[in-house]
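Need coordinates for the below:
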Amino acid sequence: MGRGKLRIHLGAAPGVGKTYAMLSEAHRRVERGTDCVVAFVEHHGRPRTEALLHGLEQVPRRQLEHRGAVFPEMDLDAVLARRPQVALVDELAHTNVPGSRNAKRWQDVEELLAAGIDVLSTVNIQHLESLGDVVESITGVRQRETVPDEVVRRADQIELVDMAPEALRRRMAHGNIYQPDKVDAALSNYFRLGNLTALRELALLWVADRVDAHLQRYRSEHEVSAIWGSRERIVVGLTGGPEGRTLIRRAARLAEKGAGGEVLAVYIARGGGLTAASPKELAEQRTLVEDLGGTFHHVVGDDIPAALLAFARGANATQIVLGSSRRKTWQYVFGPGVGATVARDSGPDLDVHIVTHEEIAKGRGLPVARGARLGRSRTAAGWAAGAAGPAVLAVLLSAVDPGLANDMLLFLALTVAAALLGGLWPALASAVVGSLLLNYFHTPPLHTWTISDPKNIVALVVFVAVGAAVASVVDLAARRTHQAARLRAESEILSYLAGNVLRGETGLEDLLERVRETFGMESAALLERADDVEPWTCAGHAGRGRPVGRPEDADVDVPVGDHMALALTGRVLPAEDRRVLAAFAAQAAVVLDRRRLREEADRARALAEGNRIRTALLAAVSHDLRTPLAGIKAAVSSLRSEDVDWSPEDTAELLASIEEGADRLDHLVGNLLDMSRLQTGTVTPLIREIDVDEVVPMALGGVPEGSVTLDVPETLPMVAADPGLLERAMANVIENAVKYSPPGVPVLVAASALADRVEVRVVDRGPGVPDEAKDRIFEPFQRHGDAPRGAGVGLGLAVARGFAEAMGGTLDAEDTPGGGLTMTLTLRAAAAECPEPVPAAEPERQLS
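From the prediction side, this is the model:
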């Protein structure tokens, strides 16, 4: 059973007529004999909408109790049990009453579609997840009921129900939308003219972008033109703060403005420790970006701007979306910030968007913990504080002399600062240098290395001990936070691998690209060999440059069994990275094995298909060829009989029967030979410039006179095709259309030019073909419906499509408006200079 189709009536605001349009469509379908039921429609007390419910079957609603009140909801089980062809489900973004099977109504709709039931539904533009922030800024109202954009984008049809804002306000004023006591409040708040105009613009732009995407897909599928458009890839830099959801929605809207846009959300954790990111917030942002059709990535890097730019360039991104800094004003003395650095270093190939949000300049929830693996600048600052800092402090204290106790506290604070900046060794250096300077400048007798008071000796010893203890604790904390950050990153990576193993989603090249991206390598390759003496071969590769020839030539290699290895180039990885890398290597081997098993399964299917064709061929020879042969033999035997004196009329009739049987045999044998040539790949077209209006009339020899109407202009451009193959393909398509066309209704053959293509359409008014069978009718030995055995062996359309594809064209089936089937043959228009023909056997003589 196929999946049902979803049609959504999209509006800019309540009251534009979405439900009315949906009910009107239901009445039209009922008049055509379609089984439609109302699963859930809310008329909101509007008389005209309520009137349209009459005449439609309504499934009784389910009554659910919640907090002492009873609420009606759609009875999903009753609709599934009723199994209509079409179900009407209003308000797609509605939140179900607690106790329902699903939390959202769109999830109920997904179950209906999965059961093969077509669904008509409605939704307003403000309920789309990616537009939540924009709608709130326009109307001042936060929409709590939303539907993921991907659900709406997957709909088979989206109909925009549009109305001018002035007309909608008049409808509101007349009481056609809300009750009279709510009209004034609505007109002065949500239904202000500016609000409605902005919402209408959002709806029009969203639908226009979707129409543009469909048009681009159509052009790509039919090769209408060679227009090149770069795909927008938008990287969203996340910090784990609450502003991330605003950035993701903004990036999703940017991606929707370009056909095929893609959103990649990336969170970069410092390699040296934990950050202030909330795991719960990151999980919610991951869910949001995946609901909007994007992907989430976790990267570890010490230099966040550099890691972000490296990720963006590695993903071939065109735009970066960042939030305005949450740092307070005084914190800018430590540097310009991530956003400014990324914008400065992005170069001309990357656009950087800095998006404002409500968390600007509010600071971070927790300070960033410093790690053990500090950058060179941090280490240098630590040594400067530990070595030079005590000398500077000693000079300053000589001029002030606050007392030995205060001097020790200040030197101890400098030791802590050195530990925070540079770790253990700069802090120990600060403690030792500080103790010496305290002894020389601030412990009596001054400017000597001797100490007269034993108490001061104890104080200096305690100072050094405290400084060493603080440095040790800070260094230990840094190591622990660094390990925690690594373990968290490793767990996310291993979780990603485990999910892919369960779902079987990732291809080998995608997995190798993930390896290269995760470990910051230049290239990754999976090498294998049959045995120890055979050379290594590359089974898969990702990254720049050519893959290495041997594992020994790579910077990092991880063996997988005896005859396979994962090889990476770019830098030498530390030992702790090899645990995760080994998991990647094992998964790469699994993916390679799965791919080869799939290829073997495809070959097995091809063999099974060949056996099926041979079986069908034997059946065709045993029946479809025997019937005309039996008729010819009977007619010949009758003519040769000496016992009967045949009249001239009887003789002519028997001869006509022989000719008809021979023609039928010729047609069947020709199609069988053509199909065998297509199956073995021996069809070599002789492409040259020809006129369609010269070939099409020649294809009408096998149909009765007057059964076809031609509309092929002589002004059409010439096409690049093989005349013999084109004539045979057109003859098969036209004969098929005439066979199923009603008596007295001619088949229309029309042609037109479209960009660099010429389309020939064969239009009949027969019974048509269901959507799920449109591709199947092009398979060999397929006869649709109740075609009699004598109607042929079911090869005509298969041969026609094979010949069309051999000439670089396409042959597709679509519904004829008003009933019937339209076959569209698309061919390339001839270039200004036709290339030299490909040498081949003479197909025209072979096919005649």
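
ok, now how distant is T448 from F441?
10 Å (C-beta to C-beta, to the nearest Å). Just so you know, the C-beta spots here come from the backbone N, C-alpha and C atoms, and that holds for glycine as well.

So between the two, which is more surrounded?
Of the pair T448 and F441, F441 is the one with more neighbours under other C-beta atoms under 10 Å, namely 15 against 11.

what residues are up against the more buried one?
394, 397-398, 447 (C-beta atoms under 8 Å, 6 or more residues apart in numbering).

Apply 10 Å and report the result again.
394-395, 397-398, 401, 407, 447 (C-beta atoms under 10 Å, 6 or more residues apart in numbering).

so which of those residues is the most crowded?
For the contacts of F441, the largest neighbour count, defined by other C-beta under 10 Å, is 23 neighbours, found at D407.

OK, contacts around that residue?
With contacts defined as C-beta under 10 Å, 6+ apart, D407 is in contact with 393-394, 397-398, 400-401, 434, 437-438, 441-443, 463.

Now for C36, how many residues are close by?
22.

now V236
By other C-beta under 10 Å, the residues close to V236 number 30.

Isn't it up against I268?
No - in this structure, V236 is not within contact of I268 by C-beta atoms under 10 Å, at 11.6 Å.

what is in contact with the two at once?
H297.

Where do the helices of the stretch 601-750 of the chain begin and end?
Listed from the start of the chain, the stretch 601-750 of the chain has helices (DSSP state H, counting those that start in this stretch) covering 626-640, 648-680, 692-695, 723-740.

Which strands and helices lie in contact with the first one?
Counting contacts by 3 or more C-beta pairs under 10 Å, 6 or more residues apart in numbering; DSSP states H and E, helix 626-640 is packed against helix 648-680.

Let me know the average pLDDT across the helix it packs on.
Average pLDDT, helix 648-680: 73.

Who are the contact partners of S130?
Residues in contact with S130 (C-beta under 10 Å, 6+ apart) are 146, 148-150, 206, 248-256, 263, 288, 291-293.

switch the cut-off to 8 Å
By C-beta under 8 Å, 6+ apart, the residues touching S130 are 149, 249, 252-253, 256, 292.

Among the contacts of D407, which one lies nearest to D711?
L393 (96.3 Å; C-beta to C-beta).

Quick check: pLDDT value at that closest one.
The confidence metric pLDDT takes the value 81 at L393.

thought it was touching L414?
Yes - between L393 and L414 there is a contact under C-beta atoms under 8 Å: 5.8 Å.

Show me the common contact partners of the two, please.
Shared contacts of L393 and L414, defined by C-beta under 8 Å, 6+ apart, are found at G434.

Closest one of the contacts of S130 to A87?
Comparing the contacts of S130 against A87 with C-beta to C-beta places D149 closest, at 22.7 Å.

Number of residues surrounding the closest one?
Using other C-beta under 10 Å, D149 has 20 neighbouring residues.

Begin at 50, not 1, for the rest of this chat.
Done: numbering now begins at 50, and the last item shifts to D198.

so what's it up against?
Applying C-beta under 8 Å, 6+ apart, the residues contacting D198 are 177-179, 301, 305, 340-342.

surely Q134 meets V168?
No - counting by C-beta under 8 Å, Q134 sits too far from V168 to count as a contact (10.6 Å).

More neighbours: which of the two?
Comparing Q134 with V168 by other C-beta under 10 Å, the one with more neighbours is V168, at 23 against 14.

Now do the more buried one, the pLDDT please.
Reported pLDDT for V168: 96.

for A366, helix, strand, or coil?
At A366, secondary structure determined by DSSP: H, G, I helix; E, B strand; the rest coil is coil.

So it sits against D400, correct?
No - contact criterion C-beta under 8 Å: A366 and D400 do not qualify, at 9.5 Å.

List the contacts of the most centrally placed residue in the chain.
Central residue of the chain (C-alpha atoms, centre = their mean): G342, 6.2 Å from the mean position. By C-beta under 8 Å, 6+ apart, G342 lies in contact with 198-199, 202, 301, 312.

of the residues you listed, buried ones?
Using 16 or more other C-beta atoms under 10 Å as the burial test, these include 198, 202, 301, 312 as buried.

which two in these are spaced the farthest apart?
Distance extremes for the buried ones among the contacts of G342: the farthest pair is R202 and V312 at 13.2 Å, using C-beta to C-beta.

now the helices: where do they sit in the stretch 500-649 of the chain?
When assigned using DSSP H, counting those that start in this stretch, the helices of the stretch 500-649 of the chain occupy the ranges 503-552, 557-568, 627-672.

Mean pLDDT lowest where, among the ones you listed?
Per-stretch mean pLDDT for the helices of the stretch 500-649 of the chain is lowest at helix 503-552 (a mean of 70).

Name the residues of stretch 850-862 that come out as buried.
Of the residues in stretch 850-862, 850-853, 855-856, 858-862 count as buried by neighbour count, 16+ other C-beta under 10 Å.

Looking at those residues, which is nearest V519?
T859 (75.4 Å).

Please name the bridge partners of the closest residue to the closest one other than its chain neighbours.
The shortest distance from T859 to any non-neighbouring residue, by C-beta to C-beta, 6 or more residues apart in numbering, is to T875 (4.7 Å). Beta-bridge pairing for T875 (DSSP bridges): E808, T859.

Go ahead and confirm T875 touches D805.
No - look at T875 against D805 with C-beta under 8 Å: they stay out of range, at 10.6 Å.

neighbour-wise, which of the two wins?
T875 (20 against 14).

and the more buried one, what is it in contact with?
T875 makes contact with 271, 806-809, 853, 858-861, according to C-beta under 8 Å, 6+ apart.

so which two of those are the farthest from each other?
Maximum pairwise distance among those (C-beta to C-beta): 14.5 Å, between V807 and D861.

For stretch 849-868, give the mean pLDDT please.
Taken as a whole, stretch 849-868 has an average pLDDT of 84.

okay, how far is it across it, tip to tip?
23 Å (C-alpha to C-alpha, to the nearest Å).

what's in contact with that stretch?
Residues from elsewhere that reach stretch 849-868, judged by C-beta under 8 Å, 6+ apart: 271, 723-724, 727, 732, 734, 736, 769-771, 774-775, 777-779, 781-782, 812-814, 816-818, 823, 826-827, 846, 870-877.

Which among those residues count as buried?
The buried subset of those (16+ other C-beta under 10 Å) comprises 271, 723-724, 727, 732, 734, 736, 769-771, 774-775, 777-779, 781-782, 812-814, 817-818, 823, 826-827, 846, 870-877.

related to what we said a few turns ago, when A366 and D400 are compared, which one has more neighbours?
The neighbour count for A366 versus D400, taken as other C-beta under 10 Å, is higher for A366 (20 against 15).

Please name the residues that touch the more buried one.
Contacts for A366 (C-beta under 8 Å, 6+ apart) come out as 282-284, 313, 399.

Let me have these in CSV, adding neighbour count and distance to V349 as columns.
Putting the contacts of A366 into CSV (neighbours: other C-beta atoms under 10 Å; distance: C-beta to C-beta, whole Å) gives the following:
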residue, neighbour count, distance to V349
R282, 18, 22
I283, 26, 22
V284, 25, 16
L313, 20, 17
L399, 17, 22
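
just those now: which is nearest F568?
For the contacts of A366, the residue nearest F568 by C-beta to C-beta is L313; the value is 17.9 Å.

now the host helix or strand of that closest one against helix 557-568, angle please.
Element membership for L313, per DSSP states H and E: strand 311-318. If you take axes from the mean of the first three to the mean of the last three C-alpha atoms, to 10 degrees, strand 311-318 sits at 40 degrees to helix 557-568.

Understood, closing this out.
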